[in-house]
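Trainee: Need coordinates for the following:
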Amino acid sequence: MLIAINFKLKEIVFIEIKFRESSEYYSIFESITVRQQKRIFKSAEVFLSTIYPNYKDYKIRFDAYFVKNDFDFEYFKDAWRDY
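Mentor: Numbers count the residues shown, from 1 in each chain. Down below sits the predicted model:
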């Protein structure tokens, strides 16, 4: 996971990065399960409550970055919502 902080917009973006050799059999969104989304959200909560409590008032966004075998990529801003 990558964390980006935009101080100007007061926004923290948690970016999940996935590499897939092929997406023939399933959607690339299926590679980030609800369980993983909850784990990422929990990590965001820990990040904000213990490591950087000064940013607890910032907006949070969860993005996804998918890299395919041929190094083609797709970036999804606001890929899912928090729980």
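Trainee: which stretches of this structure have low pLDDT?
Mentor: Within the chain, the stretches with pLDDT under 70 are 22-29, 82-83.
Trainee: Where does the most centrally placed residue in it fall, secondary structure wise?
Mentor: When C-alpha atoms, centre = their mean is applied to the chain, the residue found nearest the centroid is residue 15 (3.1 Å). Here residue 15 is covered by strand 11-20, with elements defined by DSSP states H and E.
Trainee: So for that strand, what gets flagged as buried?
Mentor: Of the residues in strand 11-20, 12-16 count as buried by neighbour count, 16 or more other C-beta atoms under 10 Å. C-beta: built from backbone N, CA, C; applies to glycine.
Trainee: a markdown table for the residues you listed, including distance to residue 43?
Mentor: Listed next are those as a markdown table, based on distance: C-beta to C-beta, whole Å:
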| residue | distance to residue 43 |
| --- | --- |
| 12 | 12 |
| 13 | 13 |
| 14 | 7 |
| 15 | 12 |
| 16 | 10 |
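Trainee: Looking at those, spot the one nearest residue 34.
Mentor: residue 16 (12.9 Å; C-beta to C-beta).
Trainee: And the closest one, how close does it get to residue 41?
Mentor: According to C-beta to C-beta, to the nearest Å, residue 16 and residue 41 sit 11 Å apart.
Trainee: any residues in contact with both of these two?
Mentor: Counting by C-beta atoms under 8 Å, 6 or more residues apart in numbering, the residues touching both residue 16 and residue 41 are residue 62.
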